[in-house]
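Q: missing the sequence, but the structure's below:
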C-alpha cells in the first residue's frame, strides 16, 4: 500500500520533470519537489540519469540557485574546519570605464530636478536614467545605491561578526534579486545588471551549497526561536540537527576585494549605454555619492537644483506630498538644509542651479551646465523639445495665489534669503514676458 502511494507521488512529479525538460518552464517547480523526486526515483529504481542531468542543468531556484549554478567548479567543503579558496592575483587592477561623464541631478521634493533631466534628454550623446512615470510599486528615481544593503555588503568584508557578515551577504543577494525584477527603469535594471551582479558575487563569496561555517555540535540561540519565526529568518538555512549553512567571503586581501567591488560598480555604468554621458535623476545624496566616487575612476558630478521654498511648498501641497513637515519652522529647515549645506561646503564636482534661472535665464544657465559637465553644445540636437522654459514658467510665482498667504509670509520671514524676487534679477524682456503671461500678471 505504501509502495503504491510512493509510486503515485513519483509518477506525478516525474510528469513535471518531463514537462520541464521539454519546455524549460521551471517556475512551477519547487526545490523540495525536485529533491523528493530524486529520492523516490532511487527508491523505486526509476532513476533516469539523463533526465536528472537535464533537469539539474536547468534548475535555478531563484538567484541563490543561479549563483550556485555559476560556481559548480568550487569543491564542496567538509563540515568541520573547511578550507577557504585563496585568490592568487589580488593586485589585479580594475578596468577603466568608457563614458566621458556621469552626472547626478538632485533636488528636494518638487524643486525642479526633473526639468533638468528633461533638458539632458535633448542631447543625442546622453542617456538619462531614473525618471519614468510613477506606477504602483515602481520608482521614479534611482535608489539602488541608497539601499543600506548595498554598501553594507562591502563594509562587512573587513568587519563584523560571522552572523553580521552572513546577513549582509544575503541582504545583498536579496537586493540584487529585487532590483533585477524592477520594471521602473528597464534600461538600467536589465539582464546585464543581473549578470554583472552574479559575476561579482561569485568572485568574492564561497557559496557552495554544502559549506558549513559552524561545527555541528555548536549551540546557537536561534534554536530557541519558534518554528514559524525561524522559517522567516533570512540569514540561516537549517541543514539538520545542529547544522547551519552560512555564506562567507572568500579569503582574499582587502585590495583584492576592493578591486572586485570597483570592477562591479563600474560595470553597472559601463555596459548600460554606448553614449558618452549618463544622467541619473537622484543617483545618490551627498554622503552616498562620496562613497560611490571612491569606487569610480572618474568622479560623478552632481547638479543640485533648488527653488523658491514658497513655490516648492505650494507645488508639494497641490500634489499632496505626504512627507511635508507640519510646522513652518520644520518646513523651512527641511526645505533649506541641503541647499544651505551645499553653499557652505563648496565642491568642485557640484554645481548649484536655481530652477528659476534655468527657466528665465535659459541660455546663460544651460551654457554653465554644459561647461561644467564638458558637453558640446552642437550635440544639443532637440533644444526645448522636452524641457520648454515657456511651459515651466507657470511654476514660478505660484505662491502668489495660494489660499493661506499668512503661511507664505512666515516662510518669507524665515527663509527670505532663498526666496526668488524677479525684480532683483537682471532679467531680459523675454523673461519678464514669460512671468507676466503666468503668475506675475499685473
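A: Done, it's in. These numbers come from a predicted model, not from an experiment.
Q: and the gap between the residue sitting nearest the centre point of the chain and residue 193?
A: Nearest to the mean C-alpha position of the chain, counting by C-alpha atoms, centre = their mean, stands residue 144 at 1.3 Å. Applying C-beta to C-beta, to the nearest Å, the value for residue 144 to residue 193 is 9 Å. C-beta coordinates here come from the backbone N, C-alpha and C atoms, glycine included.
Q: shared neighbours, those two?
A: residue 179 (C-beta atoms under 8 Å, 6 or more residues apart in numbering).
Q: and residue 163, what element?
A: helix 162-180 (DSSP states H and E).
Q: let me see the ranges of the helices in the stretch 51-200 of the chain.
A: Ranges of helices within the stretch 51-200 of the chain are 62-70, 113-120, 148-155, 162-180, 191-204, based on DSSP state H, counting those that start in this stretch.
Q: which of these sits closest to residue 15?
A: Taking C-beta to C-beta, helix 62-70 is the member of the helices of the stretch 51-200 of the chain nearest to residue 15, at 21.9 Å.
Q: show me where pLDDT drops low in the stretch 1-150 of the chain?
A: 1-2, 22-32, 56-98, 131-141 (pLDDT under 70).
Q: what's the helix or strand for residue 427?
A: Using DSSP H and E, no helix or strand contains residue 427.
Q: before we move on, the earlier item: and the helix holding residue 163, what's its mean pLDDT?
A: Mean pLDDT, helix 162-180: 85.
Q: so that helix versus helix 191-204, what angle?
A: Comparing the axes of helix 162-180 and helix 191-204 via axes from the mean of the first three to the mean of the last three C-alpha atoms, to 10 degrees yields an angle of 160 degrees.
Q: how far does whichever helix or strand residue 42 is part of sit from the chain's center?
A: Assigned by DSSP H and E, residue 42 falls within helix 31-43. How far helix 31-43 lies from its chain's middle: 38 Å, per C-alpha atoms, centre = their mean, to the nearest Å.
Q: run through who's touching that helix.
A: Residues contacting helix 31-43 (C-beta under 8 Å, 6+ apart): 6, 9-10, 13-14, 16-17, 46-48, 52, 55, 59, 61, 65.
Q: next one: residue 262 from residue 252, what distance?
A: 14 Å.
Q: and the strands in this structure, which stretches?
A: 101-106, 126-129, 205-206, 237-238, 244-245, 248-249, 277-281, 301-306, 350-354 (DSSP state E).
Q: would you turn these into CSV with distance to residue 339?
A: Converted to CSV, the strands of the chain look like this (distance: least, C-beta to C-beta, whole Å):
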stretch, distance to residue 339
strand 101-106, 10
strand 126-129, 23
strand 205-206, 41
strand 237-238, 47
strand 244-245, 49
strand 248-249, 40
strand 277-281, 18
strand 301-306, 4
strand 350-354, 7
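Q: between those, which one is closest to residue 421.
A: Nearest of these (C-beta to C-beta): strand 350-354, 12.0 Å.
Q: who does the closest one touch, helix- and strand-wise?
A: Packed against strand 350-354, as judged by 3 or more C-beta pairs under 8 Å, 6 or more residues apart in numbering; DSSP states H and E, are the following elements: strand 301-306, helix 328-344, helix 362-373.
Q: what's the mean pLDDT across the shortest one?
A: The predicted model assigns strand 301-306 a mean pLDDT of 95.
Q: contacts for it?
A: Strand 301-306 is contacted by residues 101-108, 111-113, 115-116, 286, 289, 338-339, 342, 347, 349-355, 358, 369, 372-373, 418 when judged by C-beta under 8 Å, 6+ apart.
Q: whichever of those residues end up buried, select them in PyMOL.
A: Selection of buried members from the contacts of strand 301-306 for PyMOL, criterion 16 or more other C-beta atoms under 10 Å:
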select buried, resi 101+102+103+104+105+106+107+108+111+112+113+115+116+286+289+338+339+342+350+351+353+354+355+358+369+372+373+418
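Q: flag every buried residue along stretch 142-156.
A: For stretch 142-156, by 16+ other C-beta under 10 Å, it's 142-147, 149-154, 156.
Q: ditto for stretch 44-54
A: Using 16+ other C-beta under 10 Å as the test for burial, stretch 44-54 gives 51, 52, 54.
Q: any idea of the pLDDT on the residue lying closest to residue 118 once chain neighbours are set aside?
A: Nearest non-adjacent residue to residue 118, counting by C-beta to C-beta, 6 or more residues apart in numbering: residue 387, 4.0 Å away. Listed pLDDT for residue 387 reads 95.
Q: next, count neighbours for residue 387.
A: Number of residues near residue 387 (other C-beta atoms under 10 Å) recorded here: 22.
Q: okay, it and residue 362: tell me how far apart.
A: 9 Å.
Q: need the helices and strands packed on strand 350-354 in CSV with distance to residue 269, can you?
A: Below are the helices and strands packed on strand 350-354 laid out as CSV (distance: least, C-beta to C-beta, whole Å):
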stretch, distance to residue 269
strand 301-306, 13
helix 328-344, 24
helix 362-373, 15
